[in-house]
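Chemist: predicted model and sequence follow; I will ask about them next.
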There are 2 protein chains.
Amino acid sequence: MPTIKRIDHVALVVDDLEAALAFWRDALGLRVSQTEEEPSEKTTVAFLPLGESEIELVQPHTADSGTAKFLAKRGPGMHHLCIEVEDLEALLARLQRQGVRLINETPVTKPNGVRYAFIHPKSTYGVLIELYEKPQ
Amino acid sequence: MPTIKRIDHVALVVDDLEAALAFWRDALGLRVSQTEEEPSEKTTVAFLPLGESEIELVQPHTADSGTAKFLAKRGPGMHHLCIEVEDLEALLARLQRQGVRLINETPVTKPNGVRYAFIHPKSTYGVLIELYEKPQ
């Protein structure tokens, strides 16, 4: 039986990471736990813990990535909502039975063992959702 | 010293609450804790707990409310991110010192004692943020 656990992160696309940190870190007062380059995504990401969740600020470096196209089309803002679940495969099967459109019909595994799948925003009422399962 | 505690809720504007619940409740598997009419906002809101946070689905009833205008302009999707804080007044003062544009420069108090203030999305990199403080 799949379990929905928590909001893992809210990812925001920004055009200027340092300027965005002037709000999120310096004015609002969140702490940056980590900043990393993600060469495969052509982005830099800053992670700011917030309760049991994180705010992730994503700055694209090139014009051809998914986040860069989002930024060009819609401007800075929320890119996706990531939800931690247990038993991701069973949940994806249930979503498909209910007619939900999935971007990843089977989980994708990251080098660190985390598995994820994206749900298409057409099925969620406008929000790109990442489902995320930690390695057991 | 203001404290940033957790994501209280992520509010999504939808054009058809029952259809949105077919995804969020029936397919994804979240529980609806409460559904309420908000006459002053001209909306119906469904609350779905998710870890220490909630997803709030907001359906406007008329064309003249803020959420209805958002829906007409952008379509269904994330409307705002609400963050629970302690010492809201001190935080608002710090935000103003840092040049952050506030929609509510002083906290607004709800009948239940909760106090809130919205930050303008121009200052947050595209996300409307509600700051929220529970009564002590």
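Modeler: Yes, it's here.
Chemist: hey, let's count contacts and neighbours off CA atoms from now on
Modeler: Noted.
Chemist: all the helices of chain A, in order from the start?
Modeler: A:17-21, A:66-74, A:88-97 (DSSP state H).
Chemist: show residues contacting the last one.
Modeler: Counting contacts by Cα atoms under 8 Å, 6 or more residues apart in numbering or on different chains, the residues outside helix A:88-97 that touch it are A:1-2, A:101-102, A:105-107, A:116, A:131-133, B:27-28.
Chemist: the first one now?
Modeler: With contact meaning Cα under 8 Å, 6+ apart, helix A:17-21 is reached by A:Val14, A:Leu57, A:Val58, A:Gln59, B:Thr124, B:Tyr125.
Chemist: hang on, the earlier thing: adding pLDDT and neighbour count, write the contacts of helix A:88-97 out as CSV.
Modeler: Formatted as CSV, the contacts of helix A:88-97 follow (pLDDT from 0 to 100; neighbours: other Cα atoms under 10 Å in any protein chain shown):
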residue, pLDDT, neighbour count
A:Met1, 81, 8
A:Pro2, 90, 15
A:Arg101, 97, 17
A:Leu102, 97, 18
A:Glu105, 95, 15
A:Thr106, 96, 15
A:Pro107, 96, 17
A:Tyr116, 97, 22
A:Leu131, 98, 22
A:Tyr132, 96, 25
A:Glu133, 97, 22
B:Ala27, 95, 19
B:Leu28, 96, 20
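Chemist: among those, which two are most distant?
Modeler: A:Met1 and A:Arg101 (20.4 Å; Cα to Cα).
Chemist: got the contacts of helix A:88-97 as a markdown table, with distance to B:Asn112 columns?
Modeler: Shown next, in a markdown table, are the contacts of helix A:88-97 (distance: Cα to Cα, whole Å):
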| residue | distance to B:Asn112 |
| --- | --- |
| A:Met1 | 37 |
| A:Pro2 | 35 |
| A:Arg101 | 40 |
| A:Leu102 | 40 |
| A:Glu105 | 44 |
| A:Thr106 | 45 |
| A:Pro107 | 43 |
| A:Tyr116 | 39 |
| A:Leu131 | 34 |
| A:Tyr132 | 36 |
| A:Glu133 | 37 |
| B:Ala27 | 33 |
| B:Leu28 | 31 |
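Chemist: now intersect the residues you listed with the strands, please.
Modeler: When DSSP state E is applied, these are split such that A:Tyr116, A:Leu131, A:Tyr132, A:Glu133 fall in strands.
Chemist: nearest to chain B among those?
Modeler: A:Leu131 (10.1 Å; Cα to the nearest Cα).
Chemist: what's near enough to touch that closest one?
Modeler: Listed by Cα under 8 Å, 6+ apart, the contact set of A:Leu131 reads A:Cys82, A:Ile83, A:Glu84, A:Val85, A:Leu88, A:Tyr116, A:Ala117, A:Phe118, A:Ile119.
Chemist: surely A:Ser53 touches A:Leu30?
Modeler: No. Counting by Cα atoms under 8 Å, A:Ser53 stays clear of A:Leu30, with 12.0 Å between them.
Chemist: what parts of chain A come near chain B?
Modeler: A:4-7, A:14, A:20, A:23-24, A:27-30, A:50-53, A:75-78, A:91, A:94-95, A:98, A:100, A:123-127 (Cα under 8 Å from any Cα of the partner chain).
Chemist: most surrounded residue in the contacts of helix A:17-21?
Modeler: A:Val58 (31 neighbours; other Cα atoms under 10 Å in any protein chain shown).
Chemist: any figure for the gap between it and chain B?
Modeler: Per Cα to the nearest Cα, to the nearest Å, A:Val58 is found 11 Å from chain B.
Chemist: what about A:Gln96, how many residues nearby?
Modeler: Neighbourhood size, A:Gln96 [other Cα under 10 Å]: 14.
Chemist: so what's it scoring on pLDDT?
Modeler: We have a pLDDT of 96 for A:Gln96.
Chemist: show the contacting residues for the closest residue to A:Gln98 other than its chain neighbours.
Modeler: Excluding the flanking residues, the one nearest A:Gln98 by Cα to Cα, 6 or more residues apart in numbering or on different chains is B:Ala27, at 6.0 Å. Counting by Cα under 8 Å, 6+ apart, B:Ala27 makes contact with A:Arg94, A:Leu95, A:Gln98, A:Val100.
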